[in-house]
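Novice: attaching a predicted model along with its sequence, questions to come.
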Amino acid sequence: MKFSFKNDYSEGCHPNILQALLQSNLEQEAGYGEDQYSLQAKELIREKTGNKNCAIYFVSGGTQANLIVISSILKPYQAAISASTGHVLNNETGAIEATGHKVLSIETADGKLRPSDIIPVLESHTNVPHQVMPKLVYISNSTELGTIYTARDLEELSAFCKERNLYLFMDGARLGHGLTAEISDLTLEKVAQLTDVFYLGGTKNGALIGEAIVINNPILQEDFGFNIKQKGALLAKGRLLGIQFLELMKNNLYFDLARHANQQAMKIKNALQERGVAFLSVTYTNQIFPILSNELIEVLSEKFEFYVWKKIDDQYSAIRLITSWNTPDQGVNDFIQIIKTN
């Protein structure tokens with residue numbers, strides 16, 4: 001069987017979660033997220049964000065989180081702004097557009113949005129009331145290209161959004177990886193201070209399923225729970241999500257798992273750099289995009305699974321390698337060995 005570097009959710013979940021699910025299995029608990037585990041998990045998240053007044057909702061997946069957040073806080077004539085690589089643009093089957101909200105795309109070299117990128121979009125949407133109103137800035141950390149936002153990046157973007165009366169929403173499917181990258185100076189507390197809404201991704205960081213939506217802006221908290229129910233995301237057995245996030249938040253397990261994934265990716269990155277390999281983007285997270293010869297890609301494909309991300313020319317292509325919370329040294333070392341001998 002080939003070893004997979006295709007994604008960071010090929011494995012089930014961290015053993016602590018399985019054990020907690022097993023131990024609590026026969027307990028009777030309140031439904032719809034009112035169980036003791038969900039309530040404890042929410043308190044832990046509030047403690048770690050430093051925002052005791054944030055509202056927290058657990059949902060099953062990232063697309064669900066993005067759809068519910070964006071469709072719930074925008075008025076029918078308002079639109080979201082996203083980098084052209086954004087998940088809501090390319091990998092969610094038009095879920096946002098299906099709710100009636102346009103997603104305005106911006107080309108960026110590294111998958112990040114900056115105020116200077118957004119200004120032209122605002123300036124080109126002034127024909128009131130004939131055009132949609134840009135209202136929400138959608139970003140992800142880490143991005144689809146594995147890049148991250150620094151504290152200064154987010155501070156500048158947050159200040160700009162406040163000045164222009166825009167909501168700032170951070171997709172945190174890989175937030176753990178973004179915050180634990182070796183060059184990151186951004187903290188969870190800072191994210192909570194600077195965004196209106198963000199979410200902590202569990203699916204791609206050791207959970208079976210689950211994302212924790214964190215609403216910092218009190219105006220957006222009002223009646224949000226109705227949207228969770230209406231979109232079919234309110235689980236009767238909400239304990240299944242609460243237990244997972246309680247385990248992930250205990251003893252910083254969430255960040256330890258993300259850090260492991262990053263470190264395994266950096267081992268591969270360093271080995272490739274020693275061989276003079278170039279990369280599609282500069283990353284320090286668990287996603288790397290080396291540019292390899294098609295011949296080497298074919299050799300690697302015999303033992304490993306990964307995506308060929310982008311054709312560079314007739315001889316070279318960029319591949320995407322993703323490591324997970326459970327990626328073992330053996331898989332990494334085997335990959336590096338092939339790189340060194342070819």
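Specialist: That came through fine. Residues are numbered from 1 along each chain as shown.

Novice: I228: what's its closest spatial neighbour, skipping adjacent residues?
Specialist: With sequence-adjacent residues excluded and distances taken as CB to CB, 6 or more residues apart in numbering, I228 is closest to L234, at 4.8 Å. Every C-beta, even on glycine, is put in place using the N, C-alpha and C of the backbone.

Novice: so that neighbour makes contact with G31?
Specialist: No - judged on CB atoms under 8 Å, L234 makes no contact with G31 at a distance of 9.2 Å.

Novice: using the three-state scheme, assign L168.
Specialist: When classified by DSSP: H, G, I helix; E, B strand; the rest coil, L168 comes out as strand.

Novice: nope, I139 is what I was after
Specialist: strand.

Novice: distance of it from A80?
Specialist: 11 Å (CB to CB, to the nearest Å).

Novice: which residues do those two both contact?
Specialist: F169 (CB atoms under 8 Å, 6 or more residues apart in numbering).

Novice: of these two, who's got more company?
Specialist: Applying other CB atoms under 10 Å to I139 and A80 shows that A80 carries more neighbours, namely 29 against 23.

Novice: who has more neighbours, L234 and G31?
Specialist: L234 (18 against 12).

Novice: now do the contacts for the more buried one.
Specialist: Under the criterion of CB under 8 Å, 6+ apart, the contact list for L234 reads Y32, G33, G225, I228.

Novice: same check, this time on S184
Specialist: Contacts for S184 were tallied using CB under 8 Å, 6+ apart; they are I148, T150, G178, Y284.

Novice: recalculate using a threshold of 7 Å.
Specialist: I148, G178 (CB atoms under 7 Å, 6 or more residues apart in numbering).

Novice: I'd say S158 and L168 touch.
Specialist: Yes - if you go by CB atoms under 7 Å, S158 and L168 touch, sitting 5.7 Å apart.

Novice: now the common contact residues for those two.
Specialist: T195.

Novice: coming back round to it: if I look at the residue nearest to I228, how far off is L292?
Specialist: From L234 across to L292, the span is 45 Å (CB to CB).

Novice: cool, and N141?
Specialist: 27 Å.

Novice: and the two? which has more neighbours close in?
Specialist: Comparing N141 with L292 by other CB under 10 Å, the one with more neighbours is N141, at 28 against 23.

Novice: give the contact list for the more buried one.
Specialist: N141 touches I148, Y149, M170, G172, L175, G178, counting by CB under 7 Å, 6+ apart.

Novice: can you list those in a markdown table and add neighbour count?
Specialist: Output for the contacts of N141, formatted as a markdown table (neighbours: other CB atoms under 10 Å):
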| residue | neighbour count |
| --- | --- |
| I148 | 27 |
| Y149 | 26 |
| M170 | 24 |
| G172 | 31 |
| L175 | 29 |
| G178 | 27 |
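
Novice: in helices, which of those fall?
Specialist: Residues of the contacts of N141 located in helices (DSSP state H): L175, G178.

Novice: the residue nearest to A271 when sequence neighbours are not counted sits in which helix or strand?
Specialist: Once flanking residues are discounted, A271 sits nearest to I336: 4.4 Å by CB to CB, 6+ apart. I336 is part of helix 329-340, with elements assigned from DSSP states H and E.

Novice: other residues contacting that helix?
Specialist: Applying CB under 7 Å, 6+ apart, the set of residues contacting helix 329-340 is F3, Q264, K267, I268, A271, L272, R275, V299, L300, K303, F304.

Novice: of S158 and L168, who's got more company?
Specialist: Between S158 and L168, counted using other CB under 10 Å, L168 has the larger neighbour count: 23 against 19.

Novice: in contact with T323, which residues?
Specialist: F5, D8, A261, Q264, A265, N286.

Novice: 6 Å - rerun?
Specialist: A261, Q264, A265, N286 (CB atoms under 6 Å, 6 or more residues apart in numbering).

Novice: one more: A65?
Specialist: V59, Y199, E211, I213.

Novice: quick one: list the elements packing against the longest helix seen in the chain.
Specialist: Secondary structure of the chain per DSSP H: the longest helix is helix 253-274. Other elements packing on helix 253-274 under the criterion 3 or more CB pairs under 6 Å, 6 or more residues apart in numbering; DSSP states H and E are helix 175-180, helix 329-340.

Novice: quick one: it to helix 329-340, angle?
Specialist: 20 degrees (axes from the mean of the first three to the mean of the last three CA atoms, to 10 degrees).
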